[in-house]
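Participant: Sequence below, structure please.
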Amino acid sequence: MIGGLIGGLGGALVFVLKLLIIKMDARISDLVDERDFFRDAAIAGGTHLPDYEEWWLRRHPPQHR
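Facilitator: The predicted structure is shown next:
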């Protein structure tokens with residue numbers, strides 16, 4: 001019984017950590033996109049920011065999702 005309880009708690013902990021890692025990977029991906037957007041704008045001269053939605057669709061075409 002104690003082994004089952006310890007195994008259940010261990011499984012729950014691993015599940016929570018896995019969810020946390022997935023969430024953080026998604027956030028890091030968003031930050032990389034934001035960094036690249038502003039980097040492209042700065043390389044282009046920085047006087048005019050491109051439309052983020054169009055830029056994002058060019059970078060992430062719908063067929064590659």
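Participant: contacts, neighbours, all on C-alpha from now
Facilitator: Will do.
Participant: how much space between R58 and G3?
Facilitator: According to CA to CA, to the nearest Å, R58 and G3 sit 52 Å apart.
Participant: Just say helix, strand or coil for T47.
Facilitator: coil (DSSP: H, G, I helix; E, B strand; the rest coil).
Participant: Point me to the residue sitting closest to the centre of the protein.
Facilitator: Central residue of the chain (CA atoms, centre = their mean): A26, 1.9 Å from the mean position.
Participant: any idea of the pLDDT on it?
Facilitator: Note for A26: predicted pLDDT of 91.
Participant: Where do the helices of the protein begin and end?
Facilitator: For the chain, applying DSSP state H gives helices covering 2-43, 52-59.
Participant: List of residues touching the last one?
Facilitator: Spelled out, it's helix 52-59. For helix 52-59, contacts defined as CA atoms under 8 Å, 6 or more residues apart in numbering pick out 33, 37.
Participant: and it with helix 2-43, angle?
Facilitator: Helix 52-59 runs at 110 degrees relative to helix 2-43, counting by axes from the mean of the first three to the mean of the last three CA atoms, to 10 degrees.
Participant: Tally up the residues packed near D30, please.
Facilitator: 12 (other CA atoms under 10 Å).
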